[in-house]
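Engineer: A predicted structure for the sequence below; I have some questions about it.
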Amino acid sequence: MSASMTDSSSGMESQLDYTSQYVSFWVDGQLLGMPVNMVQEVLSEQVISPTPLARAEITGLLNLRGQIVTAVSLRKRLGLPDLENGKSMNVVTRMGEESFSLLVDEVGDVINVSGRSMEPVPRTLDPHWRSVTVGVFQLDEGLFVILDVGTILNFD
Amino acid sequence: MDDILQEFLAESWENLGQLDSEIVELEKDPKNAELIASIFRTIHTIKGTCGFLGLTNLGAVAHSAENVLGKMREGILDVSPGAISLVLEAIDQIKDLLQGLEATGEEPKTDHSSLTLMLDELAEYATKAAAEAPAAAAPPENPVEQNPVEVAATDQQPEASGEEVQPLAEKAAEPVVPSSETGLTASAVAPEEEPASKSTKVSVADLSIRVNVHVVDSLMNMVGELVLTRNQLLQLARGDEESKYAAPIAHLNRVTTDLQEGVMKTRMQPIGNAWNKLPRLVRDLSQVTTKHIELVMTGAETELDRTVLDAIKDPLTHMVRNSADHGIELPEVRKAAGKSESGTIHLNAYHEGGHVIIEIQDDGAGIGRDRVLKKAIAQGLIKESDAANVTDSHIFSMIFQAGFSTAETVSSISGRGVGMDVVRTQIEKIGGTVDLSSKVGKGTMVRIKIPLTLAIVSALVLESGAQPFAIPQLGVVELVRLTTEDRKKIETIHNKEVFRLRDRLLPLVHLNEVLELEEKPLADDDVHDTNIVVVQVGEDQFGLIVSRIFDTEEIVVKPVGRLLKNIGLYQGTTILGDGSVVMILDVGGIFNKCGNSPHTQAMAEEAVTGPSSDTISMLLFGVGEGVVMAVPLSLVARLEEFPQESIELNGGRKVVQYRDNLLPLLSVEGAGYGNGESLDPQPVIVFSDNSRSMGLMVTEIKDIIDEQLVIRMQSDRPGILGTAIIGKNAVDVIDTQYYVTRSMPNWFEKVEDKRSMRVLVVDDSMFFRQLVATALETEGFTAVACDSCVSAVELLERDSKFHAVITDLDLPMMSGFEFCEWLKSQEVTKDIFTIALTSSNSPTDQSRANEVGFDEFLVKFNSHELITCLDGCFARMKHNAGVNV
């Protein structure tokens, strides 16, 4: 994962400045991100054991080196249907005592946004994203939507 | 922080905890010398160590408290509530100091002089009063005093026996015996004196060591991983018995199991440890609220895992507070309500099927269901439209919502609505559940259910809906496999499937339906077995239909994820030997979800009381080559197997020594199975009649079947009553009387007598007539059978010389009841002893039988009962000599 340097003058500093780094991933063509220090690891597609009678957003459980991780489909959580071919990648995050894996279409790079400021969610953005978003960054490549992981994993 | 200081703190906390309860107990039992001595010892120990560590502030407080305790011990100071409160205050201040010490590493420089002053004054006063008393009893020589060691910390000076303890600060400061190095790390300290009577506490202290909790925890984790790895190895080795790994793996298996059990034990502690602060708490609360509250604790020895214990300490405290504050009413209020002035809070703990149940019950004011409902609706937690359907338990569960409090006044203790949701969260964190039930005016009960161990359990792995699941072995009673044949045994009652398992009716549940999973469609639906897992939930049993049953495995239980908890059907998750993640099912949850109606339970009750509609248990056995025969199970005394060498020949007959008697053995005639081939061991069906027994040699015991028996073909073969369809086969039913008479020609010795008694048997089932008649004749009575009451009436009109009539009740045309009425109405038959012999045990039938005049009411079919009844009748008959027979 290479950090994309957007501000050359800060050099090494911004490399080490974790507070401006976000892991990025795609869901339904939209680039999303979450702070790097919240991400435990990212994985390719994993075997997921289904959990009957769980809510639709919960795809199931996966075994991560002996630890049981709850897999949450970000698509479903955002009100989108799952992909036809069902392939997804995993962004594993820890919340409290438990680990969760957010299922995303594809994981991207770690993006460094130092020097930029987070802006509120624009009205043009799909209402799906609104409730689970902290803010956005305007990147050259497009809109980088930063997720509110706490809300995402709090179904009540 | 210093190791020694840490040790001191750990020990002191432990001691103080114990002190709290002991002091409260002392208040209730002020004359208890043993208690006083123990409390004294503890404070003395604390004081001593404080001195050694240079903790002068602590030392001073402890010293003053010890003084007062000393006076109590000598008997010159009364154990009054005032004195106790002072002592407790001292304990509290010591605790404060310890906390400060723990936080900063230094003793807080707070001023405790006002307390020490009061304590000292109290002691002084006592001494003075004692001195003035003329007959001053010498301070009782307390033998317990001679034991210098109670527990851990170094003891300063061996106590001079009987002397008044002079806690001298100087002494305390003296450097102490080298044993202090070891003293603080191990609980065993050699007492400096050899006391005559060693208190038992010394020996217990010798056997324990103090270990950091984290060490044990990491041990647990490692053992967990070891178990998983062992499972994988077992699985790999499974296919290959011959491999050189098989033996070491088997050994590893044994050792791992033992290790696992051992480590789990280290973490188990009695729940009493979490309760030890509560007596003090309740006492304090009583004083503050001016209520009379008694705390009863049962099941304190119930053991729990340590982490669980820690997690419930706070919730328990909170709930006891609630009960004291809002539950128990003021004495006047209670009196006005007709209750005892003193309210009780009852804590109860026990194990139940893999869980620990903790109940906190009070007999206070209770919580109004309607009030809670109103509030819940007001807060939007329950929709007004649902209000009619919502269950009580759901309403009460609202109390656990954040911000919900129906307390009318907020006190400093509770009522802000902050507590209960935290309680629930904490308990759910360890995988438990909490429920509340209450009745206005009667009281409230909170019930906490926690899994017994978060660690490793035995579980049955099965498949349903094409997915694997696990069920803890604890809840599984047995496994039943039904072939396609047997599947017909599944009956439907009130739209629910049930299965007759021996004498019970088992409600059946398709697991895949509960889980809303599609079952794999099978190639040929007819040809597959049905697997039923019989599980137990409390008092109830039911059967889970699953598609496949695999193995029992040791699994590491991991808690259910937060997002899955609300489903209620899972009690954990685990990883199998092959790495797959599997849900562990909660049978209790499944039971609840199926909405088990009282119907099915009532039906299960019914089934137990007796067979319905003329079915009878038949024992099937094999004779010779492929011949199957049957005999009513009620006639069978026992099934035995004798080694050939025990079978002897006696006068041309085979006999075997059996229960201090010789048992004659016969083989089934005409089955091409005479004395030729003998099996070893020889299966034998034993028929008994009080003291006389006879054994029928057979090839094989096959089965026991409940069947509505109809003999289709009478037989003129000796020893065979007839042929019946049992299962799907035509089976010969043997005539036991035939064999019985053949085994012992003199069996009927006393028969002559009984032959004079004539018994009429009425039943529309030919088989039953045969059965009963056989039983009677075997016993020596004379039996005549009729197939209906109408023909019986006809018979009796011609020949009324019968002594007893046995009849079924449920008969066509004329019922047994009507028959009896008729009998009682006729001059010649009214004295006949009437017995109702029926399949139904219903009370209505019984009372009706009583009404119409039946002398006896028996349920089919216990030959013993019947014979006893008739014997009685016969005895009476003989007694009334002169009756014309």
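Structural biologist: The structure has been received and is ready for your questions. None of these values were measured; they are calculated from a predicted model. Numbering: from 1, shown residues only, chains lettered A, B, ... in the order given.
Engineer: ranges for the helices of chain A?
Structural biologist: Secondary structure of chain A (DSSP state H): helices at A:12-16, A:74-77, A:127-130, A:149-152.
Engineer: pLDDT of the first one, averaged?
Structural biologist: Per-residue pLDDT values across helix A:12-16 average out to 48.
Engineer: what do you get for stretch A:31-43?
Structural biologist: When pLDDT is averaged along stretch A:31-43, the result is 92.
Engineer: and if you look at stretch B:224-236?
Structural biologist: On average, stretch B:224-236 scores 81.
Engineer: also stretch A:77-89?
Structural biologist: Across stretch A:77-89, pLDDT averages out at 85.
Engineer: and it with chain B, contact?
Structural biologist: No. Applying C-beta under 8 Å from any C-beta of the partner chain, one finds stretch A:77-89 out of contact with chain B, separated by at least 10.9 Å. (Each C-beta comes from the backbone N, C-alpha and C, glycine too.)
Engineer: quick one: contacts of that stretch?
Structural biologist: A:25, A:27-28, A:42-45, A:57, A:73, A:75-76, A:103-107, A:128-129, A:132, A:152 (C-beta atoms under 8 Å, 6 or more residues apart in numbering or on different chains).
Engineer: where does pLDDT dip in chain A?
Structural biologist: Applying pLDDT under 70 to chain A flags residues A:1-18, A:128, A:156.
Engineer: same check, this time on the stretch 701-850 of chain B
Structural biologist: Looking at the stretch 701-850 of chain B by pLDDT under 70, you get B:708-716, B:741-754.
Engineer: how are the strands of it distributed by residue range?
Structural biologist: Using DSSP state E, counting those that start in this stretch, the strands of the stretch 701-850 of chain B run over B:711-714, B:720-726, B:729-734, B:758-762, B:782-786, B:804-807, B:833-838.
Engineer: and the fifth one, which strands flank it?
Structural biologist: Right, the one you point to is strand B:782-786. Using DSSP bridges, the strands paired with strand B:782-786 are strand B:758-762 (parallel).
Engineer: residue B:389: neighbouring residues, count only.
Structural biologist: Other residues near residue B:389 number 7, with proximity taken as other C-beta atoms under 10 Å in any protein chain shown.
Engineer: how about the secondary structure of it?
Structural biologist: Per DSSP: H, G, I helix; E, B strand; the rest coil, the local secondary structure of residue B:389 is coil.
Engineer: next, the buried residues of the helix or strand containing residue B:15.
Structural biologist: Residue B:15 belongs to helix B:3-28 when assigned by DSSP states H and E. Buried residues in helix B:3-28, counted by 16 or more other C-beta atoms under 10 Å in any protein chain shown: B:4, B:7-9, B:11-12, B:14-16, B:19-24, B:26-27.
Engineer: counting contacts, what elements does that helix pack onto?
Structural biologist: Counting contacts by 3 or more C-beta pairs under 8 Å, 6 or more residues apart in numbering or on different chains; DSSP states H and E, helix B:3-28 packs against helix B:33-53, helix B:81-104, helix B:278-289.
Engineer: highest mean neighbour count out of the ones you listed?
Structural biologist: Of all those, helix B:33-53 carries the top mean neighbour count, a mean of 23, counting by mean count of other C-beta atoms under 10 Å in any protein chain shown.
Engineer: what mean pLDDT does the next helix or strand along the chain from that one get?
Structural biologist: Counting by DSSP H and E, the next helix or strand C-terminal to helix B:33-53 is helix B:56-74. Mean pLDDT, computed over helix B:56-74, is 88.
Engineer: what does stretch B:498-507 give?
Structural biologist: Stretch B:498-507 comes out at a mean pLDDT of 77.
Engineer: cool, and stretch B:856-876?
Structural biologist: For stretch B:856-876, the per-residue pLDDT averages 82.
Engineer: ok, the nearest residue to residue B:392 once chain neighbours are set aside - contacts?
Structural biologist: Leaving aside its sequence neighbours, residue B:392 sits nearest to residue B:369 (C-beta to C-beta, 6 or more residues apart in numbering or on different chains; 6.0 Å). By C-beta under 8 Å, 6+ apart, the residues touching residue B:369 are B:392, B:395-396, B:438, B:440.
Engineer: same question, residue B:646
Structural biologist: Counting by C-beta under 8 Å, 6+ apart, residue B:646 makes contact with B:656-657.
Engineer: state the pLDDT value of it.
Structural biologist: Per-residue pLDDT puts residue B:646 at 86.
Engineer: could you do residue B:417 as well?
Structural biologist: Residue-level pLDDT assigned to residue B:417 equals 48.
Engineer: got the residues of chain A near chain B?
Structural biologist: Residues of chain A lying near chain B by C-beta under 8 Å from any C-beta: A:47, A:49-55, A:58, A:60-63, A:66, A:68, A:70, A:72, A:96-98, A:153, A:155.
Engineer: distance of the residue nearest the centre of chain B from residue B:698?
Structural biologist: The centroid of chain B falls nearest to residue B:352 when counting by C-alpha atoms, centre = their mean (5.6 Å). Separation of residue B:352 from residue B:698 (C-beta to C-beta, to the nearest Å): 45 Å.
Engineer: residue B:826 too?
Structural biologist: The gap separating residue B:826 from residue B:698 is 48 Å, by C-beta to C-beta.
Engineer: these two: who's more crowded?
Structural biologist: residue B:698 (26 against 13).
Engineer: my guess is the more buried one meets residue B:668, correct?
Structural biologist: Yes. Counting by C-beta atoms under 8 Å, residue B:698 does reach residue B:668; the two are 6.7 Å apart.
Engineer: the helix or strand that contains residue B:348: how far from the chain's middle?
Structural biologist: Using DSSP H and E, residue B:348 sits within strand B:343-352. Centre-to-centre, strand B:343-352 and its host chain are 16 Å apart (C-alpha atoms, centre = their mean, to the nearest Å).
Engineer: for it, buried residues please.
Structural biologist: So strand B:343-352, judged by 16+ other C-beta under 10 Å, has buried residues B:343-349.
Engineer: closest to residue B:68 out of the residues you listed?
Structural biologist: residue B:345 (29.7 Å; C-beta to C-beta).
Engineer: contacting residues around the closest one?
Structural biologist: Residues near residue B:345 by C-beta under 8 Å, 6+ apart: B:282, B:293-296, B:320, B:323-324, B:327-328, B:360-362.
Engineer: from residue B:370, how far out is it?
Structural biologist: 25 Å.
Engineer: related to what we said a few turns ago, among the strands of the stretch 701-850 of chain B, which is nearest residue B:446?
Structural biologist: Nearest to residue B:446, of all the strands of the stretch 701-850 of chain B, is strand B:833-838, at 49.4 Å by C-beta to C-beta.
Engineer: what sits up against the closest one?
Structural biologist: Outside strand B:833-838, the residues that touch it by C-beta under 8 Å, 6+ apart are B:763, B:772, B:803-810, B:816, B:820, B:823-824, B:845, B:849, B:853-861, B:866, B:869-870, B:873.
Engineer: and chain A, which of these reach it?
Structural biologist: Answer for the contacts of strand B:833-838 near chain A: none qualify (C-beta under 8 Å from any C-beta).
Engineer: buried ones among those residues?
Structural biologist: Neighbour counting by 16+ other C-beta under 10 Å classes B:763, B:772, B:803-809, B:816, B:820, B:823, B:845, B:849, B:854-861, B:866, B:869-870, B:873 among these as buried.
Engineer: against chain A, how distant is the residue nearest to residue B:436 when sequence neighbours are not counted?
Structural biologist: Leaving aside its sequence neighbours, residue B:436 sits nearest to residue B:396 (C-beta to C-beta, 6+ apart; 4.4 Å). Here residue B:396 is placed at a distance of 20 Å from chain A (C-beta to the nearest C-beta, to the nearest Å).
Engineer: for residue B:396, which three-state class applies?
Structural biologist: Secondary structure assignment for residue B:396 (three-state DSSP): helix.
Engineer: right, and it touches residue B:371 too?
Structural biologist: No. Look at residue B:396 against residue B:371 with C-beta under 8 Å: they stay out of range, at 11.2 Å.
Engineer: which bits of the stretch 501-650 of chain B sit near chain A?
Structural biologist: So the stretch 501-650 of chain B meets chain A at B:515-517, B:558, B:561-564, B:567, B:569-570, B:573, B:575, B:579-583 (C-beta under 8 Å from any C-beta).
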